[in-house]
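Trainee: Turn this into a model:
(chains A and B)
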Amino acid sequence: MHPITTVHYLALSAALLLIGTVGVLTRRNIVIILMSIELILNAVNINLIAFSHALRSVDGQIFAIFVITDAVAEAAVGLGILIALFRNKETVQADEVDLLKW
Amino acid sequence: MVIDAVSFYLFALMVLGGGILTITRRNAVHSAISLIVSLLGVAGLYLLQGAEFLFAVQIVLYVGGIMLLFLFVIMLVNLDMAAKERQFNHQWLVALVAVALVGAQTGYFLIRGQGAFRIADAGGIAPPSALGNTEILADALFSKYLLPFELVSVLLLVAVVGSVVMAKKRI
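Mentor: Numbers count the residues shown, from 1 in each chain, chains lettered A, B, ... in the order given. This next block holds a predicted model:
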């Protein structure tokens, strides 16, 4: 069995990023789009921690903390927007919100 | 070393399986639970790489905080109707092709560029130090990264005010 290297972590992180991107681009339900964004941010964090480990530097972990804080802020505001949207338009489907569409 | 590899593949399976289930489930609660599995897998990967503080933060903040917020909103917003409708939008095929292209590029880059990442092969365990992971993180966070740390607190304040303004009926 091969030892686990940084490349393994990078491949895993890339795969998770692609899964999250597919979720953002193809789902209609806004709640699940927000969950996919969390997946993308976690992929970024795996990458940061992998390089922090490889370079034996703590900087990557600090940046991961900042990314987690951003994810929290984004989830709070995003879900607030979702509640406001549901109150006004009675829908959670992203493609039914097309007021600005030509 | 073998136990490292086994746990890596176990956590990778949790992360990817949970992620795929998250974006394919019809019921949003099932999606949220799959996302919890995925986030726990990521926490395990942090532990494998010696980031103990982030392991704890991931579980407390993501699994305990953000997922609770998601579940609250799922209960608050009526999703029964949405579960019966079409789950994917019209451009799903284009999106899949585009993502597959990006995946092929990334995979090609990782396979060809493997040699550039050899830094980690030496053993992977940082030289033992008197300080634990949390102490080292705190030292860096409150000295070198003090300004970004304070800016993040402003960001959190803005997010708190913003989410209250968004979700409140009448201010």
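
Trainee: For the helix or strand in which residue A:65 is found, which helices and strands make contact with it?
Mentor: Assessed by DSSP states H and E, residue A:65 sits inside helix A:59-89. When contacts are defined as 3 or more C-beta pairs under 8 Å, 6 or more residues apart in numbering or on different chains; DSSP states H and E, helix A:59-89 packs onto helix A:30-54, helix B:52-57, helix B:67-76, helix B:133-141, helix B:146-167. Every C-beta, even on glycine, is put in place using the N, C-alpha and C of the backbone.

Trainee: among those, which is the most enclosed?
Mentor: Of all those, helix A:30-54 carries the top mean neighbour count, a mean of 23, counting by mean count of other C-beta atoms under 10 Å in any protein chain shown.

Trainee: If you count contacts, what does that helix end up packed against?
Mentor: helix A:6-26, helix A:59-89, helix B:2-24, helix B:28-48, helix B:67-76.

Trainee: And those helices: which comes nearest residue B:157?
Mentor: For residue B:157, the closest of those is helix A:59-89, at 9.6 Å, according to C-beta to C-beta.

Trainee: could you give the angle of that closest one to helix B:28-48?
Mentor: For helix A:59-89 against helix B:28-48, the angle by axes from the mean of the first three to the mean of the last three C-alpha atoms, to 10 degrees is 170 degrees.

Trainee: domain parsing for chain B?
Mentor: B:1-85, B:89-117, B:131-171 (automatic domain parsing).

Trainee: Can you redo those as TSV, where the extra columns are distance to chain A and mean pLDDT?
Mentor: Output for these, formatted as TSV (distance: least, C-beta to the nearest C-beta, whole Å; pLDDT from 0 to 100):
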stretch	distance to chain A	mean pLDDT
domain B:1-85	3	90
domain B:89-117	4	88
domain B:131-171	3	89
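
Trainee: could those domains go into TSV alongside distance to residue A:61?
Mentor: Below are those laid out as TSV (distance: least, C-beta to C-beta, whole Å):
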stretch	distance to residue A:61
domain B:1-85	5
domain B:89-117	18
domain B:131-171	6
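
Trainee: For residue A:76, find the nearest of these.
Mentor: Taking the domains of chain B one by one with C-beta to C-beta, domain B:131-171 is closest: 4.3 Å.

Trainee: now the residue nearest the centre of chain B: how far from residue B:100?
Mentor: Closest residue to the average C-alpha location of chain B: residue B:39 at 5.7 Å, with C-alpha atoms, centre = their mean. Per C-beta to C-beta, to the nearest Å, residue B:39 is found 25 Å from residue B:100.

Trainee: Kindly report the same for residue A:33.
Mentor: Distance of residue A:33 to residue B:100, given as C-beta to C-beta: 20 Å.

Trainee: cool, and residue B:52?
Mentor: The span separating residue B:52 from residue B:100 equals 37 Å under the rule C-beta to C-beta.

Trainee: pretty sure the residue nearest to the centre of chain B is touching residue B:67, no?
Mentor: Yes - Residue B:39 is within contact range of residue B:67, at 7.3 Å (criterion: C-beta atoms under 8 Å).

Trainee: what ranges of chain A fall below the confidence cut-off?
Mentor: Residue ranges of chain A with pLDDT under 70: A:1.

Trainee: who touches stretch B:34-41?
Mentor: By C-beta atoms under 8 Å, 6 or more residues apart in numbering or on different chains, the residues outside stretch B:34-41 that reach it are A:16, A:35, A:38-39, A:42, B:11-19, B:21-22, B:25, B:58-59, B:62-63, B:67, B:70.
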